[in-house]
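[1] Any chance you could fold what I've pasted below:
(one chain, ligands or ions: 2)
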Amino acid sequence: MTVQETPTPPEAAAPGTPRPVKAGVDDTVEVRMTVNGTPTVLDLPARVTLSDALRDHLGLTGTHVGCEHGVCGMCTVLINGEAARACLLFAVQLDGADVVTVEGLGRPDDLHPLQEAFGRNHALQCGFCTPGFLMSSYDLLANKPEVTEEELPEELSGVICRCTGYRNILTAVGETHRAHPDGLPAPGNCGHRALVGRSGQGGNAFDGQEDTGDTAASLTVKEIVLPSGDPTIAVEITTEVEQPEDKVWQVFDDVHLLARCLPGAELTDDLGNDHYAGRARVSVGPIKLAFNGLAHIVEHDRAVGRLRVVAQGQDTGGAQTQADITLRTEATETGTAMHADAKVYLTGRIAQFGRALAGDVSRRMFEQFADSVAQAATSGQAPSGPVKAPSAMSLVLAPLLDRVKRLLRWGGRGRGGRG
Ligand code: FES
Ligand code: FES
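    Ligands and ions are numbered 1, 2, ... in the order given. Prediction:
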């Protein structure tokens, strides 16, 4: 059976990386893994299992946990290309390993053939066993392409479906096998994403090079690498600011003032070379996220009216966000048109917001940002107190208020016309 075997833990960390011989119960150990194509660094207590590290520290909750005894197969992931039970491995055993979870198999807009087949054949009911079955069947078809249809039930018996949907699962796997006689396509969502935020629970990007002593600093001031795929959300907003362009640029020139205009954001450190550390808070209903992250001003050109910032952040629950934001200004008859063009990449539990809600949050934040820039351009000062991130209630009320404002404007024009 394919998934019952636990692979030998990979080779120890790179030469020169100090490894504790023994770790106390409260000590954390640095673990470097490549997860779904992304190099990550985690500081974890030695007792944390791989399944908990993936779910609680990287926000990859697609790996389900059932028995935590190696029986049910829900937690199956690929380690160095072979299926393994994530609940039976400690994360510290995986230093240097290449891990693929169900999130790495396909993208929502470009599913892996196995995922397509599961959907087409109704091979999931509650979906609890589905990640385990997908990863287990991927491992089977990729590593044992000569498997016959008759062998599938036994080969896949290492994963338990509580909804007893085995027949459709076997049909989906068999169909995928027949459709790809020359080999199964590789996991399709393993592009490089940089993660940041060294904390007791966070993950960091690393470039595979040995640290030179000041580990925290060398990991913090590094180039932000944006994912190569399509963004989760793309926002384009144009706002009219009733201030001349040079007043708006006085705000853009002052990074601290600019940061105060961003809803929920706070600048915590100037790291030099146009890199900044900061915090941002977002709350939507019961979901409250506090990101620590980095921002890099990659372009600041007043002459052409263009400011571009790339940023990335991670919250302690593993939600990650990266953004590529370009602000352009243009003088108008009444002031300045400010165009914001943002590409936002979300992973972890923040992605559960769904594109529509996350898009609304982002849009509302940019509108608040534009209002704050207008205030700061007028007064030369930051809005009093940090600008609050939009709440769930404000997201619901905002479209209604906009509608009322529009109606009042039209009503005003009507009365003026009659008068
Ligand atoms: S949770 Fe790992 S095998 Fe059941
Ligand atoms: S679909 Fe519900 S446990 Fe398998």
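
[2] His300: which element?
    For His300, the host element (DSSP states H and E) is strand 287-301.

[3] Within the sheet, what are the partner strands of whichever helix or strand comes after that strand, with directions?
    Per DSSP H and E, the first helix or strand lying C-terminal to strand 287-301 is strand 306-315. Using DSSP bridges, the strands paired with strand 306-315 are strand 287-301 (antiparallel), strand 320-331 (antiparallel).

[4] Would you single out the least confident of those strands?
    Looking at the strands paired with strand 306-315, the lowest mean pLDDT belongs to strand 287-301 (a mean of 80).

[5] what sits against Gly305?
    245, 249, 328-330 (C-beta atoms under 8 Å, 6 or more residues apart in numbering). To be clear about C-beta, it is placed using only N, CA and C from the backbone, and glycine gets the same treatment.

[6] Also Cys67?
    Per C-beta under 8 Å, 6+ apart, neighbours of Cys67: 74, 87.

[7] Tell me how far it lies from His57.
    21 Å (C-beta to C-beta, to the nearest Å).

[8] and Pro18, what pLDDT?
    pLDDT, Pro18: 48.

[9] how near is the residue lying closest to Asp274 once chain neighbours are set aside to ligand 2?
    Sequence neighbours aside, Ile297 is the residue nearest to Asp274 in space, at 4.3 Å (criterion: C-beta to C-beta, 6 or more residues apart in numbering). Ile297 is 48 Å from ligand 2, where distance means C-beta to the nearest ligand atom, to the nearest Å.

[10] Can you get me a residue count around Ile297?
    Ile297 has 17 neighbouring residues, counting by other C-beta atoms under 10 Å.

[11] same thing with Asn273?
    Neighbours of Asn273 using other C-beta under 10 Å come to 8.

[12] Ramachandran angles for it?
    Dihedral pair for Asn273: phi 50, psi 40, per degrees, to the nearest 10.

[13] contacting residues for the residue in the stretch 101-250 of the chain that ligand 1 sits nearest to?
    Nearest residue of the stretch 101-250 of the chain to ligand 1: Gly132, at 7.7 Å (C-beta to the nearest ligand atom). Residues near Gly132 by C-beta under 8 Å, 6+ apart: 3, 64, 72-76, 159.

[14] ok, those vs Gln320, which is closest?
    His64 (20.1 Å; C-beta to C-beta).

[15] Who's the closest spatial neighbour of the closest one, skipping the chain neighbours?
    Looking at His64 with C-beta to C-beta, 6+ apart, the closest residue is Met74, at 4.0 Å.

[16] Contact partners for the one you found?
    Met74 sits in contact with 63-67, 128-129, 131-132, 159-160, where contact means C-beta under 8 Å, 6+ apart.

[17] Would you map the helices across this structure?
    50-52, 102-105, 113-120, 130-143, 152-155, 166-179, 215-220, 245-253, 255-261, 355-379, 392-418 (DSSP state H).

[18] Select from those the stretch with the lowest mean pLDDT.
    Among these, helix 215-220 scores lowest, at a mean of 34.

[19] coming back round to it: most neighbours of all the contacts of Gly305, which one?
    Most surrounded of the contacts of Gly305: other C-beta under 10 Å gives Thr329, at 21 neighbours.

[20] gap between it and ligand 2?
    53 Å.

[21] Relative to Thr38, how far out is that residue?
    35 Å.

[22] any idea how far Gln250 lies from Cys261?
    12 Å.

[23] ditto for Ala382
    Ala382 is 7 Å from Cys261, by C-beta to C-beta.

[24] Repeat that for Gln322.
    For Gln322, the distance to Cys261 - C-beta to C-beta - is 20 Å.

[25] Likewise for Glu103?
    34 Å.

[26] Repeat that for Cys190.
    Applying C-beta to C-beta to Cys190 and Cys261 gives a distance of 37 Å.

[27] Of those two, which one has the most company?
    Comparing Cys190 with Cys261 by other C-beta under 10 Å, the one with more neighbours is Cys261, at 23 against 18.

[28] hang on, isn't that one packed against Gln381?
    No. Using C-beta atoms under 8 Å, Cys261 is not in contact with Gln381; the gap is 10.8 Å.

[29] Export the contacts of Gly132 to CSV and append columns for distance to ligand 2 and pLDDT.
    Formatted as CSV, the entries for the contacts of Gly132 read as follows, by distance: C-beta to the nearest ligand atom, whole Å; pLDDT from 0 to 100:
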residue, distance to ligand 2, pLDDT
Val3, 15, 44
His64, 9, 95
Cys72, 9, 96
Gly73, 10, 97
Met74, 8, 96
Cys75, 13, 97
Thr76, 13, 97
Val159, 8, 96
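
[30] Restricting to those residues, which residues neighbour ligand 1?
    Near ligand 1, judged by C-beta under 6 Å from any ligand atom, the entries from the contacts of Gly132 are 72-75.

[31] Highest neighbour count among these?
    Result: Cys75 is most packed of the ones next to ligand 1 among the contacts of Gly132 (other C-beta under 10 Å), 30 neighbours.

[32] Report the contact partners of that residue.
    Contacts of Cys75 (C-beta under 8 Å, 6+ apart): 51, 63-66, 68, 85-87, 132.

[33] Show me the two of those residues that sit farthest apart.
    Top of the distance list for those (C-beta to C-beta): Glu68 and Gly132, 13.0 Å.

[34] Tell me which residue is most central in this protein.
    Nearest to the geometric centre of the chain sits Thr347, at 2.2 Å (C-alpha atoms, centre = their mean).

[35] Not counting residues beside it along the chain, what's closest to that one?
    Per C-beta to C-beta, 6+ apart, closest to Thr347 is Gln320, 4.6 Å.

[36] Just give me the neighbour total for that neighbour.
    So Gln320, with other C-beta under 10 Å, has 27 neighbours.

[37] show me what contacts Cys261?
    Counting by C-beta under 8 Å, 6+ apart, Cys261 makes contact with 251, 369, 372-373, 375-376, 382-383, 387.
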